[in-house]
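Asks: Sequence and predicted structure, then a few things I'm wondering about:
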Amino acid sequence: KNRLALRGDPHMLVVGDPGLGKSQMLRAAAAVHPRGVYVCGNTATGTGLTVTLVRDPQTGDHALEAGALVLADQGMCAIDEFDKISSDHSSLLEAMEQQTISMAKAGMICSLSSRCSMIAAANPIGGHYDQSKTVCENIKMSAALLSRFDLTFILLDNPDERHDQELSEHVISMHSTVDKLGRSAPHVRKRRVQPSSGHGGGSSQPSERMRRDVVGFEDALAGAGAHEGGNGDELPLEASLQYSEYDISDGGVDLLPHECFQKYLRYARAHCRPVLSADA
């Protein structure tokens, strides 16, 4: 009972060049969490993140409006564009370290709980991360606020011809009307695909490279079945991750559904109490 209560929810900061998918990662994390809140720093203020005091125009009484960190109590709060918050970051110091938000305005003195983890994403000054400078120098953030983050990840956009080519092909395939198996995409499944001039009056056919990909998936499926001694219905994890986008069934292979992962997170927060060992 004499131990000092420490904060058990880690805060993470992601700093990197634009266009690396930081916003998509934050949205995915907020969507998969049982109690996740996503806000953007462009339209967020200090009171919007913590708590604000409003007055009822009819009765004249004052009331408290909970912010994003209070709504994310016992959960996770994802803040995108963290460096573009209009107000000062000093209002977040107590919420991130003590996990409480104290307020004394208009005769109202209260303390609200904000027991949540924060995942913040920020862009460096000038649009490119300068490796010769520190993290505080690359973004507009004080050293006191940076010390509140337990983990800091730096994402660099290094020029790579192969990676850029794969990324461009992925973006084009996501917006194309015909997928790799020659079927209509889900968002345009009811739209009739017009045949090209080279195929006469028939429907558009997949390219030769797409055919090889499908044949490679079938070969891997048959090889896995022969290796495991089964009927070839199940793939090892490595082959499933490699050929999941070429699955024959509609929708692909959902390796870990969001509903299952949400139940895991909810159970872990309610019942699991990890203890740091001496070796760790």
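Replies: Yep, that arrived.
Asks: what helix or strand is residue 101 on?
Replies: Secondary structure from DSSP states H and E places residue 101 in strand 100-105.
Asks: who does that strand pair up with?
Replies: Using DSSP bridges, the strands paired with strand 100-105 in its sheet are strand 108-113 (antiparallel).
Asks: which regions of the stretch 1-150 of the chain sit below the pLDDT cut-off?
Replies: For the stretch 1-150 of the chain, applying pLDDT under 70 flags the ranges 1-5, 87-88.
Asks: returning to that earlier point: in the strand holding residue 101, what's buried?
Replies: 101, 103 (16 or more other CB atoms under 10 Å). For every residue, glycine as well, the C-beta is placed using N, CA and C.
Asks: Could you do stretch 33-51 as well?
Replies: Here stretch 33-51 shows 33, 35-41, 44, 46, 48-51 as buried, counting by 16+ other CB under 10 Å.
Asks: What is the nearest of these to residue 80?
Replies: residue 40 (4.8 Å; CB to CB).
Asks: Can you name the residues bridging to that closest one?
Replies: Where residue 40 sits in a bridge, its partners, by DSSP bridges, are residue 80.
Asks: picking that back up, hmm, which two among the buried residues of stretch 33-51 are most spread apart?
Replies: Most distant of the buried residues of stretch 33-51, by CB to CB, are 33 and 46, 23.4 Å apart.
Asks: Please enumerate the helices of the stretch 51-200 of the chain.
Replies: 68-71, 93-97, 135-138, 143-146, 161-174 (DSSP state H, counting those that start in this stretch).
Asks: Against which helices or strands is the third one packed?
Replies: Yep, that's helix 135-138 we're talking about. helix 143-146 (3 or more CB pairs under 8 Å, 6 or more residues apart in numbering; DSSP states H and E).
Asks: Pull out the buried residues from the helix it packs on.
Replies: residue 145.
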